[in-house]
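Asker: Turn this into a model:
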Amino acid sequence: MRVVFMGTPDFSVPCLIALVNAGHEVSLVVTQPDRPKGRGRQLAPTPVKSAAIERQLNVFQPERPNRPEAVAEIAAARPDVLVVVAYGAILRGTLLCLAPMGAINVHASILPRYRGMSPIHRAILDGDEMTGVTTMHMDEGVDTGDMILNLTTAIGPDETTGALHDRLSEMGARLLIQTLAAIENGTAPRTPQPALGATYAGRIDKAQGAIDWTRPAHEIHNRIRAMTPAPGATGILNDQPIHLSASRLVGDDIAAAGTSGTIFAITREAIRVATGKGAIDIHEIRPAGGKTMSGADYTRGRGIAPGSCFQATPPAVPRNSDAPGKDPS
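Answerer: Below you'll find the model as predicted:
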């Protein structure tokens, strides 16, 4: 099939590579414009652009893909199908309808649960045990199109957003190739999404990484996992902000010594902290501007001992989970 591929971040790259490896003709790759990155604020290509250039594919980077001139450029690539994977803007009808076989999206959840831009974060934050990837026919809504195929997977009890992201991106690539084969031979199902169970996963920001130690241990563990590697889970210890990047659940039923946020034990690799219900081990800590180290190593030379206490931080205020906004797919 002749494909125009639209994608931007790391999550999209395995899908692009799979298309090429499967023998599809990728006539154009559309990705977001280069943006300033890092301390030097130098313009950097998107991961999809880098992958496309490595494979000598044509790249187009419009600021506004729905503008007539951008739609005309994409139409000139004569796609049989438009494949969209975390592109980074809502696409309108003129663009979605320009390919004879329509526009296909790969989304990192089992729809209709977690429509929107942060489905992986939300699945872990909510303590889900299962998730997956779904392919769908795109419409002008936010991840509301008819479903085609899906794959499910268990979420590990200590799995972070970063680890799950990488697994789902590879699963999505496999599912995309299966989906295109089904579309090409006319066997692809088209299932409208049920209204029951539909949720929206809005943008995750830094404020949602603040740990409220009065919450139960399992909720804190889920928040640390969900915010790793970005935007990061944070706590304040001895007036110093720190990132908490790996934890283990000791248990909600463990009798923890001290008030919420109190370190009541230091093990070989971790600090054990009392929560509103139960205790949690913090295995990895990164001080501001520093390198990641074990929880136990962080305590050395810093005057941190059993009885030290994390400072209270305000509870994270979640964004409206029912109101769609700018979406990457």
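
Asker: mind checking the SS state of the residue nearest the centre of the chain?
Answerer: Nearest to the mean C-alpha position of the chain, counting by CA atoms, centre = their mean, stands residue 120 at 4.5 Å. Put simply, residue 120 is helix when judged by DSSP: H, G, I helix; E, B strand; the rest coil.

Asker: so what's the nearest residue to residue 193 once chain neighbours are set aside up against?
Answerer: Leaving aside its sequence neighbours, residue 193 sits nearest to residue 112 (CB to CB, 6 or more residues apart in numbering; 4.4 Å). Placement of C-beta: from N, CA and C, glycine included. The contact partners of residue 112, by CB atoms under 8 Å, 6 or more residues apart in numbering, come to 143, 144, 193, 194, 195, 197, 198, 199.

Asker: And for residue 132?
Answerer: Going by CB under 8 Å, 6+ apart, residue 132 touches 109, 110, 150, 151, 152, 153, 168, 171.

Asker: got it, and residue 36?
Answerer: 42, 43, 44.

Asker: nearest residue to the second one other than its sequence neighbours?
Answerer: Just to be clear, that refers to residue 43. residue 34 (4.3 Å).

Asker: And that neighbour, how far from residue 52?
Answerer: The spacing between residue 34 and residue 52, counted by CB to CB, to the nearest Å, is 13 Å.

Asker: Ok, residue 306 next?
Answerer: Relative to residue 52, residue 306 is positioned 54 Å away (CB to CB).

Asker: Neighbour count: the two, which is higher?
Answerer: Between residue 306 and residue 52, counting by other CB atoms under 10 Å, residue 52 is the more crowded of the two (26 against 14).

Asker: which SSE is the more buried one in?
Answerer: Assessed by DSSP states H and E, residue 52 sits inside helix 47-54.

Asker: And the contacts of whichever helix or strand comes after that helix?
Answerer: The helix or strand immediately downstream of helix 47-54 is strand 59-60, counting by DSSP H and E. With contacts defined as CB under 8 Å, 6+ apart, strand 59-60 is touched by 28, 29, 30, 31, 49, 52, 53, 70, 73, 74.

Asker: Mark which of those are part of helices, please.
Answerer: In helices, judged by DSSP state H, the following of the contacts of strand 59-60 are found: 49, 52, 53, 70, 73, 74.

Asker: end-to-end on stretch 28-36?
Answerer: 24 Å (CA to CA, to the nearest Å).
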